[in-house]
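S.K.: predicted model, plus sequence, below.
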Amino acid sequence: MKSRGIGLTVHSRDQDIRVTDFTVQNPVLAGLLPANTKDRVKLNNKLQSVGVKLDYQVQPNLSLFGEVAQVRGTATARLSAIPRLRLSDMTFDAKGQLYNVGATISGKRDRYFGALTYVHTFADTHGAIEGSSVNTLLPTVGVLTDVGVFNLGLIYQKVKIDYVGTVDLPGFGAVSATVNGESAKKLAYRAGYQTLLGKDVYLNASAGFGGRKEARLELGKRF
């Protein structure tokens, strides 16, 4: 395999977020919120991205990569779950860029292989969703077959996200509110497939499930 690669990536993710704090900029409304507000509010976060990825195989068992992607995120906080206050649900939108850098260490024996991938993600987004940097670990095992490469693995990722917006309440109008959250489940499962489409052209596809729903497609060229 040639040492350099470039690829077009498409990625989508649907993930439940555990609310760690919910604050409103109105002392009267804040006093009406129940003590377990953060446990009652359910929050779902979705994102879609399209990017370009570059990678370089430093050694047979070590490769480095970087990716720049255009991302759009949406989220909904179910404030209607808070009793008696009749709060409207909050919706959040953001768009911007994602920057991924990482490395993969791998080993192979006969038709079987194992790999460990580390990814550091930095988000530069504008809007109501404010995410910080994220670290992801992807341990994987797989097998080479006559029809392609199949693999199974895990996704370990701890995400912290802040959401800023307004909530409408009869008698108060629009009140500024902030929702702080983190990934409800840090561990998910992953299945993938890779195949050769033509000379030095590869298709990589994977899906995540369990802690979140995720799909990723990469069309790459080695050179």
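M.R.: Perfect, thanks for sending it.
S.K.: would you map the helices across the protein?
M.R.: 27-32, 37-40 (DSSP state H).
S.K.: keeping just the C-alphas, turn the first one into PDB.
M.R.: Going back to what we said before, that points to helix 27-32. Extracted C-alpha coordinates of helix 27-32, given in PDB (Å, rounded to 0.1, in the frame of the first residue of the first chain):
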ATOM      1  CA  PRO A  27     -34.400  34.900  39.600                       C
ATOM      2  CA  VAL A  28     -38.200  34.300  39.800                       C
ATOM      3  CA  LEU A  29     -38.200  31.500  37.200                       C
ATOM      4  CA  ALA A  30     -35.000  30.000  38.700                       C
ATOM      5  CA  GLY A  31     -36.800  29.800  42.100                       C
ATOM      6  CA  LEU A  32     -39.700  27.900  40.500                       C
END
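S.K.: the chain should start at 38 in everything you say after this.
M.R.: Okay, using 38 as the starting number, the last item reads as helix 64-69.
S.K.: how far off centre is it?
M.R.: What separates the centre of helix 64-69 from the centre of its chain is 34 Å, taken as C-alpha atoms, centre = their mean, to the nearest Å.
S.K.: show residues contacting it.
M.R.: Thr60, Val61, Leu122, Leu206, Phe209, Val212 (C-beta atoms under 8 Å, 6 or more residues apart in numbering). Where you see a C-beta, it was placed from the backbone N, CA and C, and this is true even at glycine.
S.K.: so how far is Pro207 from the first one?
M.R.: Note on Thr60: its distance to Pro207, by C-beta to C-beta, to the nearest Å, is 20 Å.
S.K.: compare the two (neighbour count), which wins?
M.R.: Ranked by neighbour count (other C-beta atoms under 10 Å), Thr60 and Pro207 place Thr60 first, with 14 against 9.
S.K.: and the pLDDT at Val105?
M.R.: Note for Val105: predicted pLDDT of 98.
S.K.: that older thread, for Leu234, find the nearest of the helices of the chain.
M.R.: helix 74-77 (47.6 Å; C-beta to C-beta).
S.K.: surely Thr177 and Thr154 touch.
M.R.: Yes: assessed by C-beta atoms under 8 Å, Thr177 is found in contact with Thr154 at 7.1 Å.
S.K.: how many neighbours does the closest residue to Arg77 other than its chain neighbours have?
M.R.: Among residues not flanking Arg77 along the chain, Ala118 sits closest, at 4.8 Å (C-beta to C-beta, 6 or more residues apart in numbering). Neighbourhood size, Ala118 [other C-beta under 10 Å]: 13.
S.K.: equivalent analysis for Asp147, please.
M.R.: Count around Asp147 with other C-beta under 10 Å applied: 7.
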